[in-house]
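Visitor: Coordinates only, no sequence provided:
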């Protein structure tokens, strides 16, 4: 079978050019993922028609999606998911899902959607892969604000993936059967976890891994990729969603990989290089290629859904951040709410699944993805602006408000 790689060349050119353009114009402050999707729309059937989805792009995009969820699972710091933080963020997710159900059924009553449960699940996710870099760049990842937002995003991503796999897998099985399959998959994940922990305690195996990790073998990277593919294949075989397998693979590796700063400090950097350098951009550009721009602009009512869905994201994910106010204060609570409302990869993946299952039409899916694009474009930028203004005001406060101390008391 002859394979045409011309489309892949265009996709790779976009993947290379998007961050480079943003690097050359730092004033744009635009996430690369937005530019990648928009460029994909431009070269796809809805734009110039240079590229169409073929088998090569489809496979690489699937690997990219899996890698994105894998790295999101890897970002989970289970040591932070305990105590008061766990209680606050778990309560926030429960409130968020309750709000999502109210909003989604309200949208159904208004004739905007036909699958309220699916839309509710889409609305509760947060893009961990977008939020974490924003917090790191702002120097807040290790602060109480960063820890709460990362924990909340982790729970939201995990909960959304589980709910999507439970209620909207492509396999037409009952919810009870899916619960059994999820339970079986969880047991397999635990078995993998126990086996990996046991293997790490083997001095001979650990020595071999240490010796081979920075050679051409890149043994840890290969092992991580094996774990990813195995979990994805198992999820697919059980009739569950691929994104569930990928996310759990990352979570399992995060649980096992506790000594990374000592024995393999560059391991995760290598995984991010493979994911964000190769596969993940292909997923985002391909998402733009298959984006139905004509369906989005087919009617004014469809265009009007974009700000409606954006407002729904903000309401569902930002409002529960008020639970953090006693811990964070007003300014950081607003920042946490904006960051929690930032969601795109899960919106894209879940919308595609909804369209495939016939639960979302092309117009609704396009409007939801457009709202996700705007959330990634607007909310982190607004959150960073609030942080910078707050930091500037705080830095100026001591000089003007420090009380004068009498000379006799100095």
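Guide: That came through, no problem. Here the structure is a predicted model, which is why all the values come from computation and not from measurement. Numbers count the residues shown, from 1 in each chain.
Visitor: CA only for contacts and neighbour counts going forward, please
Guide: Fine.
Visitor: name the helices or strands packed onto the host helix or strand of residue 270?
Guide: The secondary structure element spanning residue 270 is helix 267-274 (assigned by DSSP states H and E). Counting contacts by 3 or more CA pairs under 8 Å, 6 or more residues apart in numbering; DSSP states H and E, helix 267-274 packs against helix 219-237.
Visitor: Next SSE downstream of the helix it packs on?
Guide: Immediately after helix 219-237, counting by DSSP H and E, sits helix 242-256.
Visitor: Figure out how far the helix holding residue 270 is from the centre of its chain.
Guide: In terms of CA atoms, centre = their mean, to the nearest Å, the centre of helix 267-274 is found 17 Å from the chain centre.
Visitor: How about stretch 31-38?
Guide: That offset, for stretch 31-38, works out to 14 Å (CA atoms, centre = their mean).
Visitor: again with stretch 339-355
Guide: The chain centre lies 8 Å from the centre of stretch 339-355; the measure is CA atoms, centre = their mean.
Visitor: now swap in stretch 85-95 and tell me
Guide: That offset, for stretch 85-95, works out to 18 Å (CA atoms, centre = their mean).
Visitor: Show residues contacting it.
Guide: 80, 124, 147, 148, 151, 152, 155, 156, 320, 321, 323, 324 (CA atoms under 8 Å, 6 or more residues apart in numbering).
Visitor: Filter these down to just the ones in helices.
Guide: Of these, the ones assigned to helices by DSSP state H are 147, 148, 151, 152, 155, 156.
Visitor: Which positions within the helix holding residue 270 qualify as buried?
Guide: 267, 268, 271, 272, 274 (16 or more other CA atoms under 10 Å).
Visitor: And the residues you listed, which is closest to residue 160?
Guide: Nearest to residue 160 among those, counting by CA to CA, is residue 272 at 23.0 Å.
Visitor: so that closest one makes contact with residue 71?
Guide: Yes - at 7.4 Å, residue 272 counts as touching residue 71 under the criterion of CA atoms under 8 Å.
Visitor: In stretch 188-201, which residues are buried?
Guide: For stretch 188-201, by 16+ other CA under 10 Å, it's 189, 192, 193, 196, 200.
Visitor: Also stretch 235-249?
Guide: Neighbour-count burial for stretch 235-249, counted by 16+ other CA under 10 Å, picks out 235-236, 239-249.
Visitor: now swap in stretch 298-306 and tell me
Guide: So for stretch 298-306, counting by 16+ other CA under 10 Å, buried means 302, 303, 305, 306.
Visitor: wait, what's in contact with residue 99?
Guide: Here residue 99 is in contact with 315, 316 (criterion: CA under 8 Å, 6+ apart).
Visitor: now it: how far from residue 155?
Guide: Per CA to CA, to the nearest Å, residue 99 is found 16 Å from residue 155.
Visitor: got the angle between the helix holding residue 270 and helix 219-237?
Guide: Angle, helix 267-274 to helix 219-237, by axes from the mean of the first three to the mean of the last three CA atoms, to 10 degrees: 60 degrees.
Visitor: In contact with the closest residue to residue 76 other than its chain neighbours: list those residues for me.
Guide: Using CA to CA, 6 or more residues apart in numbering and skipping residues adjacent in sequence, the residue nearest residue 76 is residue 154, 6.0 Å away. Residue 154 is in contact with 72, 73, 76, 126, 128, counting by CA under 8 Å, 6+ apart.
Visitor: Pick the one among the residues you listed closest to residue 280.
Guide: Nearest to residue 280 among the contacts of residue 154 is residue 72, at 11.9 Å by CA to CA.
Visitor: element containing that closest one, please.
Guide: If you go by DSSP H and E, residue 72 is part of helix 55-74.
Visitor: In terms of secondary structure, what does that helix contact?
Guide: So helix 55-74, by 3+ CA pairs under 8 Å, 6+ apart, packs with helix 6-24, helix 128-137, helix 219-237, helix 242-256, helix 280-289.
Visitor: for those helices, which one sits closest to residue 112?
Guide: Ranking the helices and strands packed on helix 55-74 by proximity to residue 112 (CA to CA) places helix 280-289 first, at 23.1 Å.
Visitor: give me phi/psi at the residue most central in space within the chain?
Guide: Against the mean C-alpha coordinate of the chain, by CA atoms, centre = their mean, the closest residue is residue 127 at 3.1 Å. Note on residue 127: backbone dihedrals following degrees, to the nearest 10 are phi -80, psi 90.
Visitor: got the contact list for it?
Guide: So, once contact is read as CA under 8 Å, 6+ apart, residue 127 ends up touching 153, 157, 340, 342, 343, 344, 345, 346.
Visitor: excluding its backbone neighbours, what's nearest residue 278?
Guide: Using CA to CA, 6+ apart, the nearest residue to residue 278 is residue 64, at 8.0 Å.
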